[in-house]
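In: Got a sequence here, can you model it:
(2 chains)
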Amino acid sequence: MTTAAIDCDLHPGVPGIAALMPYMDEYWRHTLVERGIQVLESASYPPNAPSSVRGDWRGANGAAPSTVGQLQTQALDRWGASIGILNPLFPVQLPFSRDMSAAMARAVNDWVRAEWLDRDDRLRAAILLPNGIEEALAEIERLAPDRRFVQAMVLCMGEVPLGRREWWPVHAALEKAGLPLAIHAGSAWRHPPTSVGWPSWHVEEYVSNAYGFQASLASLLTEGVFGKFPGLKVVLVESGVTWLPAFLWRLTKSWKGVRFEVPWVDRPPAEIIRDHVRLTVRPFDAPEDADTIARLLDHMRSDEMLLWATDWPHAHFEGDATVPQGLPAGLLPKIMVDNPLATYARLREGGTT
Amino acid sequence: MTRHVVAPVAEIPPGARRVVEAAGKRIVVFNLEGDFFALLDRCPHQGGALSGGIQCGLTLSDEPGWYHFSRAGEFIRCPWHQWEFDIRTGKSWFDPRRIKVRPFPAGVAAGAELVEGPYQAETVPVRVEESYVVIEA
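Out: Residues are numbered from 1 along each chain as shown, chains lettered A, B, ... in the order given. From the prediction side, this is the model:
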């Protein structure tokens, strides 16, 4: 891994509501204590699931790493990276109260700013967006002036499909601010994560994220978001990647026959998605032999879509094997440096605050 | 190419179409407001008979939510996968350069002119006082 690498997916673990208290206003500081809300965990990342945190990175009682020092020791300093992008997964999407969701998102973003961004110049972050669209817009406006926030993040299974016009003020604000929309695996649990009902098991839910990503992409594409906001980039984080070619094939093939329903989609969907959408490389759902991966990459018909990520501290590899097995070495400089720079306008600016 | 008399004009009124055989090919002839157009009756995708599809207009858009409808009836959709082809040119909407149906020149000729030949009119008896749809195939 080159020291110029840009790691596009790192997860600062919020150790509990108590850590966020200094970043809450007086009302929320008191009411969360009075209501006994001490932790908030999403079924998307069960704390003890082996994939949620790599074993050798867990702290006391199996806790997820939650300090910038752990990130430096376990990842940034160990492997070298010029920039790391923090994507906080604290589940602010869960509360049905839009006000609570927004209060938690503000607190997480300010916690990231004070306890991570201010402590390591290499770090950048996603603005974690709350559930309500108006509150999401307010959070973008509040934080966009801090150029260390380089994207805004939602989950692939939220309340409303991401392309619908309700979301357009957010897309407009992101385009204007030069912030990609990051869509991360996970659910706000407003709907079953499959369209046929509730899954019974963690593995069933885990693989269902691919449907959430596909539905989100189909929504953004068919609603015409990429034509309406031509400067908007979308980054799929922890998508698994390799379902994309088959999905694009079907989307494009079917579009040819029903495109009069969505006449604003005026060129093949696969081309539009290749222009606007990027994907982080961990996890990378594929066998580890180079020939198979070469064919998969050929099916993507682009070497500009993949972004480097270790997905620390999620468990995808042992030791220091940060590069997914079978990825062609010649592609790594593009994935690690060129593609992230092309994706994130604010990384091209270089500076910090 | 040979010119073929395929029907009296009155038998393919505006908006109508008819499948004819000429030079061993199935060809679909359209009347768009009095102008005649002929396409090979075979979709370049998987061979569906275009004559079984619906005629539609062209829907374009400048931005989501805005529908500009024009050229009613001037496109044919293959009944198999609904690909749209411009009846005037045979070109598909979504990839006009590469995906197109073979067009044939079509027009109207007076019977008086036709009885003198050189036309293939073996299936359509020609009378001097009528007009006929003629295609080159």
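In: ok, residue 119 - contacts?
Out: Went with chain A since none was named. residue A:68 (C-beta atoms under 8 Å, 6 or more residues apart in numbering or on different chains). The way it works is simple: take the backbone N, C-alpha and C, and place the C-beta from them, glycine included.
In: nope, chain B
Out: B:2-5, B:109, B:134.
In: Serialize these to CSV and add fields for distance to chain A, secondary structure and neighbour count.
Out: Listed next are the contacts of residue B:119 as CSV, based on distance: C-beta to the nearest C-beta, whole Å; DSSP: H, G, I helix; E, B strand; the rest coil; neighbours: other C-beta atoms under 10 Å in any protein chain shown:
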residue, distance to chain A, secondary structure, neighbour count
B:2, 34, coil, 11
B:3, 35, strand, 19
B:4, 32, strand, 25
B:5, 35, strand, 22
B:109, 36, strand, 16
B:134, 33, strand, 25
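In: now those residues in JSON lines, with pLDDT?
Out: Converted to JSON lines, the contacts of residue B:119 look like this (pLDDT from 0 to 100):
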{"residue": "B:2", "pLDDT": "88"}
{"residue": "B:3", "pLDDT": "89"}
{"residue": "B:4", "pLDDT": "91"}
{"residue": "B:5", "pLDDT": "91"}
{"residue": "B:109", "pLDDT": "92"}
{"residue": "B:134", "pLDDT": "94"}
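In: And the furthest pair within these?
Out: Using C-beta to C-beta, the two most remote members of the contacts of residue B:119 are B:2 and B:109, lying 13.7 Å apart.
In: Setting aside sequence neighbours, what's the nearest residue to residue A:293?
Out: residue A:326 (4.0 Å; C-beta to C-beta, 6 or more residues apart in numbering or on different chains).
In: Give me the distance from the one helix or strand in chain B whose mean pLDDT sits lowest to the chain's centre.
Out: Within chain B, confidence by mean pLDDT, DSSP states H and E is lowest for helix B:111-114 among all helices and strands, at a mean of 81. Counting by C-alpha atoms, centre = their mean, to the nearest Å, helix B:111-114 is centred 22 Å from the centre of its parent chain.
In: next one: phi and psi at residue A:235?
Out: Phi and psi for residue A:235, reported as degrees, to the nearest 10, are phi -120, psi 120.
In: Check what pLDDT it gets.
Out: Confidence at residue A:235, expressed as pLDDT, is 98.
In: Check residue A:118 too.
Out: The model reports residue A:118 with a pLDDT of 98.
In: what's the answer for residue B:121, then?
Out: Residue B:121 carries a pLDDT value of 60.
In: returning to that earlier point: so which of the contacts of residue B:119 comes closest to residue B:99?
Out: residue B:4 (26.3 Å).
In: Run a quick neighbour tally on residue A:91.
Out: 23 (other C-beta atoms under 10 Å in any protein chain shown).
In: got it, and residue B:125?
Out: Neighbours of residue B:125 (other C-beta under 10 Å): 10.
In: Not counting stretch B:29-41 itself, show me its contacts.
Out: Stretch B:29-41 is contacted by residues B:6-7, B:12-20, B:25-28, B:49-51, B:55, B:73-74, B:76, B:85, B:87-88, B:90, B:101-108, B:133, B:135, B:137 when judged by C-beta under 8 Å, 6+ apart.
In: hmm, try it at 6 Å
Out: B:12, B:14, B:16-20, B:26-28, B:49-51, B:74, B:87-88, B:90, B:101-104, B:106, B:133, B:135 (C-beta atoms under 6 Å, 6 or more residues apart in numbering or on different chains).
In: Check which helix or strand the nearest residue to residue A:300 once chain neighbours are set aside maps to.
Out: Spatial nearest neighbour of residue A:300, chain neighbours left out: residue A:245 (5.5 Å); criterion: C-beta to C-beta, 6+ apart. For residue A:245, the host element (DSSP states H and E) is helix A:244-258.
In: From chain A, how far out is residue B:76?
Out: Residue B:76 is 13 Å from chain A, where distance means C-beta to the nearest C-beta, to the nearest Å.
In: does that residue count as helix, strand or coil?
Out: Secondary structure assignment for residue B:76 (DSSP: H, G, I helix; E, B strand; the rest coil): strand.
In: Now do residue B:11, the pLDDT please.
Out: So residue B:11 comes in at 95 (pLDDT).
In: so where do the helices sit in the stretch 201-350 of chain A?
Out: Along the stretch 201-350 of chain A, counting by DSSP state H, counting those that start in this stretch, helices occupy A:202-222, A:225-228, A:244-258, A:269-276, A:290-300, A:332-333, A:339-343, A:345-349.
In: Tell me the helices and strands packed up against the third one.
Out: Counting contacts by 3 or more C-beta pairs under 6 Å, 6 or more residues apart in numbering or on different chains; DSSP states H and E, the secondary-structure elements packed against helix A:244-258 are helix A:269-276.
In: Could you tell me the angle between the helix it packs on and helix A:244-258?
Out: 130 degrees (axes from the mean of the first three to the mean of the last three C-alpha atoms, to 10 degrees).
In: Please read off the pLDDT at the nearest residue to residue B:70 once chain neighbours are set aside from the model.
Out: Excluding the flanking residues, the one nearest residue B:70 by C-beta to C-beta, 6+ apart is residue B:58, at 5.3 Å. Looking at residue B:58, its pLDDT reads 96.
In: swap in residue A:114?
Out: 98.
In: How about it: what's its closest non-neighbour residue?
Out: Residue A:114's closest residue in space is residue A:23 (C-beta to C-beta, 6+ apart), at 7.4 Å.
In: Report how many residues lie close to residue A:88.
Out: Applying other C-beta under 10 Å, I find that residue A:88 has 23 neighbouring residues.
In: Hmm, residue A:128 and it touching each other?
Out: Yes. Using C-beta atoms under 6 Å, residue A:88 is in contact with residue A:128, at 4.9 Å.
In: Check the contact lists of these two and give me the overlap.
Out: residue A:108.
In: Buried residues in the strand ranked longest in chain A, which are they?
Out: Counting by DSSP state E, the longest strand found in chain A is strand A:149-157. Residues of strand A:149-157 classed as buried by neighbour count (16 or more other C-beta atoms under 10 Å in any protein chain shown): A:149-157.
In: hmm, the helix or strand just after it touching chain B?
Out: Using DSSP H and E, the helix or strand that directly follows strand A:149-157 along the chain is helix A:168-177. No. Helix A:168-177 is not in contact with chain B by C-beta under 6 Å from any C-beta of the partner chain; minimum separation 8.9 Å.
In: hmm, who's touching helix A:168-177?
Out: Helix A:168-177 is contacted from outside by A:136-137, A:140, A:144, A:152, A:181, A:225, A:229, A:231-232, using C-beta under 6 Å, 6+ apart.
In: mind redoing it with 7 Å?
Out: Residues outside helix A:168-177 that contact it (C-beta atoms under 7 Å, 6 or more residues apart in numbering or on different chains) are A:133, A:136-137, A:140-141, A:144, A:152, A:181, A:225, A:228-229, A:231-232.
In: Stretch A:285-299 too?
Out: A:240-242, A:245, A:325-328.
In: looking at those, which has the most residues close by?
Out: residue A:241 (24 neighbours).
In: Can you report how many residues neighbour the closest residue to residue A:349 other than its chain neighbours?
Out: Distance criterion C-beta to C-beta, 6+ apart; nearest residue to residue A:349, sequence neighbours excluded, is residue A:147 at 6.3 Å. Other residues lying near residue A:147 total 17 when counted by other C-beta under 10 Å.
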